[in-house]
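Participant: Here's a sequence, model it:
(chains A and B)
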Number of protein chains: 2
Amino acid sequence: MGIEGTPLFFCCESLLCHRRPSTRNLSVLYSRKRITLNRWRINLRSSMAEKLQNTPPVTGEPSVFCYGGASAFGVEITRRFTEGGRGVVSVDSAEGSRQCTESVCFPPGATCKAQVDIAVRTLEKHGLADHRFGLMVNASLGWTTGSITDDNLFDSVDFMHRSNVETSLVLAKLASRFLAPGGLLIFMGSAVALTPTPDMIAYSLAKAAVHQLVMDLSGEVGRALPRSSSVIGLVPVVLDTPFHRAENNGFAGEDWTPCDVIAEKLWEWSNQLPNKRPKNGSLISVTTHTMDNQRGSKEQRTLFRTIKTDNFVQTNLL
Amino acid sequence: MGIEGTPLFFCCESLLCHRRPSTRNLSVLYSRKRITLNRWRINLRSSMAEKLQNTPPVTGEPSVFCYGGASAFGVEITRRFTEGGRGVVSVDSAEGSRQCTESVCFPPGATCKAQVDIAVRTLEKHGLADHRFGLMVNASLGWTTGSITDDNLFDSVDFMHRSNVETSLVLAKLASRFLAPGGLLIFMGSAVALTPTPDMIAYSLAKAAVHQLVMDLSGEVGRALPRSSSVIGLVPVVLDTPFHRAENNGFAGEDWTPCDVIAEKLWEWSNQLPNKRPKNGSLISVTTHTMDNQRGSKEQRTLFRTIKTDNFVQTNLL
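Facilitator: Residues are numbered from 1 along each chain as shown, chains lettered A, B, ... in the order given. All right, here's what the predicted structure looks like:
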């Protein structure tokens, strides 16, 4: 698969790798626990040493770097990949911590540069200076509504910029050092940035920038990013998360996509040869609909398709 | 034309309305003069009173609100419209002042909200609370280069966000109150946000957000924006400004577009009926090429075309 180095289990088992209850339980969203950087270092050191001694190497299989690993989506990614025997590094920003349960957090207010520095120094201190991750993903989720007439417009734009654009740039910066050749670099876009969405102005502007970032970084493969790697933007309509349910009287919409379905697709891609995966620079729409099955009950189906134009015309079922 | 109210000359003649030398003179770029808000109020009050007494009303013709009026582009807009007898309100942010010559500036560091508040209060104090502008344009120009490996990446992203996205949002917010029915609301996009541009990552992300803003605001016509108005994004390749020339050893590229050509197009559109102008929500590519003319010398030609897809396919010559 062209993956260099030996991906290691670099995972705080006590923090993230145990099985969690469904992320649709609201308590997951709000029962956060922050752990300071010092505590983090201690945890990493002890759990890493244990892992390195006890875990057989999983040569050729990618390990995972998950920014926003404590979000509902990050938890599902962590669950799926650790079930599959892959190591997961989860880091989370102060901004992303609204969806944290137990997770390592950057100090509140850490700038982008500080986040990169902390992540690099921490990896280096644990002997992972030359490690390369097969999957690096931004699982942090930031969303808000509001139109141009909203009194909080500028605050919302700032919030969305920090929680979507800046988090993606931190991951991109780290990927320029830690992504493996043939690796996957995944960002979260949104369908709102492909159509006029005057009622979600701050969110749509931030996601439009993320889509552009995917396009820009696709041009870095073989330059700042390693050869054969793929930069991909996922473009869901609405993710089924505790936060979104809380905003919707506790219920999910029929067209919302469960996070575990996307985590499963990432697992699938990470096990495919690079030339079988979506093309570098792709935006992949993620749409879900509910249908009657043969047993007379309802079931959801999620489709992943390459987006060909800015009009959200979708082709190439994946 | 559906323009309501009586557009007034609301212009600091001593600051902006006199004829300027070509903006391609570098001295224009760097010989800035800031005028404090108090001084501004005094100037506005005296020049306004004079204008209102001496100038015949120009009923039915739009007046202009130019954010970033002191930029090379803003100066050309001001020149063209004042030549045509239209009044121009020029305001400029601290960030945009790098390209100021003589202009009214917001206090350095003014937040978006402060900029909106100052503009609204100033207009109200001068009896323009109910005035509506036929053309509102963001002429501020912010540009920088740099890839994901750039040490200054995060600073560049912040700078570009402030100078492109936030300035556009300030204008949009003001337009929701001061744009005339049938008016034109113009934003500056860029061709870099339609293609992978890894070497201009901060700039391309900001311009992608501006393109999305144009799309979002197009959905506000008849809601937060007045009926029959048009939100349009101009998408040039490179503008011929003193700043860009300074970055290019003093010379303009053959495909750079002179600012006065775009100002002329805005003048043309502002004199057309709304249904003859580009469609609301359009992104309009602005491309320039140099060709041999029949007299055996070179001449530049600039084309304005509606962009149909994100692949920068251009159609509909305007």
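
Participant: care to break chain A down by domain?
Facilitator: With domains defined by automatic domain parsing, chain A comprises A:3-54, A:62-306.

Participant: Just tell me which of the ones you listed ends up closest to chain B.
Facilitator: domain A:62-306 (3.6 Å; Cβ to the nearest Cβ). Bear in mind the C-beta positions are built from the backbone N, C-alpha and C, glycine included.

Participant: Which residues of the stretch 151-300 of chain A lie near chain B?
Facilitator: Residues of the stretch 151-300 of chain A lying near chain B by Cβ under 8 Å from any Cβ of the partner chain: A:153-154, A:157, A:161, A:165-166, A:169, A:172-173, A:176, A:193, A:195-198, A:201, A:204-209, A:211-213, A:215-220, A:223-224, A:281.

Participant: Skipping adjacent residues, who's closest to the residue most central in space within chain A in space?
Facilitator: With distances taken as Cα atoms, centre = their mean, residue A:139 lies nearest the centre of chain A, 2.2 Å away. The shortest distance from residue A:139 to any non-neighbouring residue, by Cβ to Cβ, 6 or more residues apart in numbering or on different chains, is to residue A:74 (3.5 Å).

Participant: and the one you found, how many residues sit next to it?
Facilitator: 32 (other Cβ atoms under 10 Å in any protein chain shown).

Participant: Give me the secondary structure label for it.
Facilitator: Classification of residue A:74 using DSSP: H, G, I helix; E, B strand; the rest coil returns helix.

Participant: and it, how far is that from residue A:141?
Facilitator: Distance, residue A:74 to residue A:141, by Cβ to Cβ, to the nearest Å: 9 Å.

Participant: How about the backbone phi and psi for the residue nearest to residue A:229 when sequence neighbours are not counted?
Facilitator: Nearest residue to residue A:229 in three dimensions, chain neighbours excluded: residue A:183, at 4.7 Å (Cβ to Cβ, 6+ apart). Note on residue A:183: its backbone torsions stand at phi -80, psi 170 [degrees, to the nearest 10].

Participant: what's the pLDDT at residue A:183?
Facilitator: In the prediction, the pLDDT value recorded for residue A:183 is 95.

Participant: give the contact list for it.
Facilitator: Contact analysis of residue A:183 by Cβ atoms under 8 Å, 6 or more residues apart in numbering or on different chains lists A:3, A:62, A:132, A:133, A:134, A:135, A:136, A:175, A:226, A:229, A:230.

Participant: coming back round to it: so the residue nearest to the centre of chain A makes contact with residue A:73?
Facilitator: Yes. With contacts counted by Cβ atoms under 8 Å, residue A:139 reaches residue A:73, the gap being 4.4 Å.

Participant: any shared contact partners between these two?
Facilitator: Jointly contacting residue A:139 and residue A:73 under the rule Cβ under 8 Å, 6+ apart are residue A:188.

Participant: Residue A:274 touches residue A:231, doesn't it?
Facilitator: No. Counting by Cβ under 8 Å, residue A:274 does not reach residue A:231; the two are 11.9 Å apart.

Participant: Which one of the two is surrounded by more residues?
Facilitator: residue A:231 (29 against 19).

Participant: and the more buried one, which of the three is it?
Facilitator: Three-state assignment for residue A:231 (three-state DSSP): strand.

Participant: What's opposite it in the beta bridge?
Facilitator: Legend: beta-bridge partners of residue A:231 under DSSP bridges are residue A:185.

Participant: where are the low-confidence patches of chain A?
Facilitator: Within chain A, the segments meeting pLDDT under 70 span A:1-62, A:93-105, A:308-318.

Participant: Would you state the helices of it in chain order?
Facilitator: Ranges of helices within chain A are A:26-30, A:37-54, A:72-83, A:112-125, A:153-160, A:167-178, A:201-218, A:242-246, A:259-270, based on DSSP state H.

Participant: among the ones you listed, which is nearest residue A:292?
Facilitator: With respect to residue A:292, and counting by Cβ to Cβ, the nearest of the helices of chain A is helix A:259-270 at 19.0 Å.

Participant: In PDB, list the C-alpha atoms belonging to that closest one.
Facilitator: The C-alpha trace of helix A:259-270 is given here as PDB (Å, rounded to 0.1, in the frame of the first residue of the first chain):
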ATOM      1  CA  CYS A 259     -21.500   9.200  12.000                       C
ATOM      2  CA  ASP A 260     -20.800   5.500  12.200                       C
ATOM      3  CA  VAL A 261     -21.800   5.100   8.600                       C
ATOM      4  CA  ILE A 262     -19.100   7.700   7.600                       C
ATOM      5  CA  ALA A 263     -16.600   6.100   9.900                       C
ATOM      6  CA  GLU A 264     -17.300   2.800   8.200                       C
ATOM      7  CA  LYS A 265     -16.600   4.300   4.800                       C
ATOM      8  CA  LEU A 266     -13.300   5.800   6.000                       C
ATOM      9  CA  TRP A 267     -12.400   2.300   7.300                       C
ATOM     10  CA  GLU A 268     -13.200   0.900   3.900                       C
ATOM     11  CA  TRP A 269     -11.100   3.500   2.000                       C
ATOM     12  CA  SER A 270      -8.200   3.000   4.400                       C
END
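
Participant: what's the angle between it and helix A:72-83?
Facilitator: Angle between the axes of helix A:259-270 and helix A:72-83 is 50 degrees (criterion: axes from the mean of the first three to the mean of the last three Cα atoms, to 10 degrees).

Participant: Would you mind listing the buried residues in helix A:259-270?
Facilitator: For helix A:259-270, burial by neighbour count (16 or more other Cβ atoms under 10 Å in any protein chain shown) applies to A:259, A:260, A:261, A:262, A:263, A:265, A:266, A:267, A:269, A:270.

Participant: want to try CSV for these, with distance to residue A:301 as columns?
Facilitator: Below are the buried residues of helix A:259-270 laid out as CSV (distance: Cβ to Cβ, whole Å):
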residue, distance to residue A:301
A:259, 16
A:260, 14
A:261, 9
A:262, 14
A:263, 17
A:265, 13
A:266, 18
A:267, 18
A:269, 19
A:270, 22
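
Participant: Kindly tell me how buried residue A:296 is, as a neighbour count.
Facilitator: 6.

Participant: Now do the phi/psi pair for it.
Facilitator: When read as degrees, to the nearest 10, the backbone of residue A:296 gives phi 80, psi 0.

Participant: what residues are up against residue A:284?
Facilitator: A:232, A:233, A:234, A:235, A:278, A:304, A:305, A:306, A:307, A:318.

Participant: From residue B:258, how far off is it?
Facilitator: Taking Cβ to Cβ, one finds residue A:284 at 41 Å from residue B:258.

Participant: same deal with residue A:240?
Facilitator: Per Cβ to Cβ, residue A:240 is found 52 Å from residue B:258.

Participant: neighbour-wise, which of those two wins?
Facilitator: Using other Cβ under 10 Å, the more surrounded residue of residue A:240 and residue B:258 is residue A:240, with 24 against 21.

Participant: Just give the closest residue to the more buried one, not the sequence neighbours.
Facilitator: Nearest-residue entry for residue A:240: residue A:256, 4.1 Å, with adjacent residues in sequence omitted and distances by Cβ to Cβ, 6+ apart.

Participant: What's the local residue count around that neighbour?
Facilitator: 21.

Participant: phi, psi of it?
Facilitator: phi -80, psi 150.

Participant: Let me see the contact set for it.
Facilitator: Residue A:256 sits next to A:237, A:238, A:239, A:240, A:244, A:288 when contact means Cβ under 8 Å, 6+ apart.

Participant: So the fifth one sits against residue A:144, correct?
Facilitator: No. Because the distance of 11.6 Å does not satisfy Cβ under 8 Å, residue A:244 is recorded as not touching residue A:144.

Participant: so how far is residue A:64 from residue A:235?
Facilitator: Counting by Cβ to Cβ - residue A:235 and residue A:64 are separated by 21 Å.

Participant: Residue A:165 too?
Facilitator: Distance from residue A:165 to residue A:64, by Cβ to Cβ: 22 Å.

Participant: Look at the two and report which has more neighbours.
Facilitator: A direct count of neighbours by other Cβ under 10 Å for residue A:165 and residue A:64 places residue A:64 higher, at 30 against 26.
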